[in-house]
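>>> sequence unavailable; structure follows:
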């Protein structure tokens, strides 16, 4: 999947700058036309916020032997953030089973056993308790309802608006607060 970057014209950048949206940074972007060295004449701007929204990290099962069976490197899976050290720095063996048969003869981990669904229902959801208060823009692509309403009011098209899974203050996960109740 490719990442889309929100690029806007100079006139829209000026409207956004005057709108008072919190957390918004507008940066001039240099556009190289099809990697030819020629730049696009019209000035375009990149929209971004101060940092990506904080998400709920994956939880590692306490029942797995969290070390490499080849070189004993440990931990293979970080219990704090869910980072996967694949391959390990010492032996370079790949220990994650993505569906292909293991041709190395060593034990491989199944991600569904390492990160069991019952422990990871909220994984990847926006952690509302850790979000900065009152930001309309965060990271590159995340924005508030207020920012979306402004963009729609000035006829910004095409635009795809998708709700984000969120973990609310009560610990429940949903697309809306009502959905999480």
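Perfect, thanks for sending it. In this text the structure is predicted, and so the values were computed from the model without any measurement. Residues are numbered from 1 along each chain as shown.

>>> what residues are up against residue 78?
60, 84, 85 (Cβ atoms under 8 Å, 6 or more residues apart in numbering). Bear in mind the C-beta positions are built from the backbone N, C-alpha and C, glycine included.

>>> correction: residue 11
Counting by Cβ under 8 Å, 6+ apart, residue 11 has no contacts.

>>> and what about it, helix, strand or coil?
Of the three states, residue 11 takes helix under DSSP: H, G, I helix; E, B strand; the rest coil.

>>> please tell me how far it sits from residue 156.
11 Å (Cβ to Cβ, to the nearest Å).

>>> check the burial of residue 118 by counting its neighbours.
Using other Cβ atoms under 10 Å, the number of residues around residue 118 comes to 7.

>>> wait, I meant residue 72
Using other Cβ under 10 Å, the number of residues around residue 72 comes to 10.

>>> okay, it: pLDDT?
Listed pLDDT for residue 72 reads 81.

>>> so of the contacts of residue 78, which ones are in strands?
Judged by DSSP state E, those include no members of strands.

>>> out of these, which end up buried?
For those, a burial check counting by 16 or more other Cβ atoms under 10 Å picks out 60, 84.

>>> so which of the contacts of residue 78 comes closest to residue 34?
Set against residue 34, the nearest of the contacts of residue 78 by Cβ to Cβ is residue 84 (35.9 Å).

>>> which residue ranges of the chain form helices?
Using DSSP state H, the helices found in the chain span residues 10-18, 111-114, 145-153, 177-180.

>>> residue 43 touches residue 30, doesn't it?
No: distance between residue 43 and residue 30: 9.5 Å, which falls outside the contact criterion (Cβ atoms under 8 Å).

>>> returning to that earlier point: how about TSV for the helices of the chain, with mean pLDDT and distance to residue 78 added?
Shown next, in TSV, are the helices of the chain (pLDDT from 0 to 100; distance: least, Cβ to Cβ, whole Å):
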stretch	mean pLDDT	distance to residue 78
helix 10-18	90	38
helix 111-114	85	11
helix 145-153	86	33
helix 177-180	77	27
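
>>> got those as CSV, with distance to residue 125 columns?
Formatted as CSV, these follow (distance: least, Cβ to Cβ, whole Å):
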stretch, distance to residue 125
helix 10-18, 28
helix 111-114, 18
helix 145-153, 17
helix 177-180, 10
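
>>> measure stretch 62-70 end to end?
Stretch 62-70 stretches 21 Å from its first residue to its last (Cα to Cα, to the nearest Å).

>>> in it, what's buried?
Neighbour-count burial for stretch 62-70, with 16+ other Cβ under 10 Å as criterion, is recorded at 64, 66, 68, 70.

>>> from the residues you listed, which is closest to residue 80?
residue 66 (12.3 Å).

>>> can you tell me the centre-most residue of this protein?
When Cα atoms, centre = their mean is applied to the chain, the residue found nearest the centroid is residue 52 (7.1 Å).

>>> tell me if I'm right that that residue and residue 137 touch.
No: in this structure residue 52 lies outside contact range of residue 137 using Cβ under 8 Å: 10.9 Å.
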